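Asks: Provide a 3D model corresponding to the input given below.
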Amino acid sequence: EYYREILTEHLHRHFPQTRGRVLHSEVATPLTTKSFLNAPDGEFRGLDENVAKASYHAHFEPETPVRGLYLCGQELTMLGVFSALQAGVLAASAVLEYGTMFDLIFRRSLIGDLRRLLQDGKKEQ
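Replies: Presented below is the predicted three-dimensional model:
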């Protein structure tokens, strides 16, 4: 409760428009996760992080040595919901032969091409 109040006050100090508008808030720790998920070490986001895994993920590539098998999920990039979304885009890009993270950085992407395709379709109507 103490930390929740401190964090809420910090929120209101930096974003005054939120004062009086927060309907519910909670603060969780690894102990909360351990309790709710029955996770002995408080983990909830997949496999443990380590140097070998981090060096493999430096490539951000969903392809595997097995033909037709692609990795897709939060473990591909980092951890969390955004990483899972990012991994989905990377996997779809790989399946459709769009390449790697670098293609996405340089705006050669599945999302960009789909957007342009939709815009071109609207112009034709």
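Asks: if I look at A84, how far off is F102?
Replies: Relative to F102, A84 is positioned 21 Å away (C-beta to C-beta, to the nearest Å). All C-beta spots, glycine's among them, are computed from the backbone N, C-alpha and C.
Asks: which of those two has more neighbours?
Replies: A84 (18 against 11; other C-beta atoms under 10 Å).
Asks: can you pull the buried residues of the one helix or strand that one maps to?
Replies: Following DSSP states H and E, one finds A84 within helix 81-95. By neighbour count on 16 or more other C-beta atoms under 10 Å, the buried set for helix 81-95 is S83, A84, Q86, A87, V89, L90, A91, A92, S93, A94.
Asks: in TSV: the residues you listed, plus distance to V66 and pLDDT.
Replies: Formatted as TSV, these follow (distance: C-beta to C-beta, whole Å; pLDDT from 0 to 100):
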residue	distance to V66	pLDDT
S83	22	77
A84	21	79
Q86	22	83
A87	17	83
V89	21	82
L90	17	82
A91	14	85
A92	18	84
S93	18	79
A94	13	81
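Asks: now those residues as CSV including distance to E63?
Replies: Formatted as CSV, the buried residues of helix 81-95 follow (distance: C-beta to C-beta, whole Å):
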residue, distance to E63
S83, 18
A84, 18
Q86, 16
A87, 12
V89, 14
L90, 10
A91, 9
A92, 13
S93, 11
A94, 6
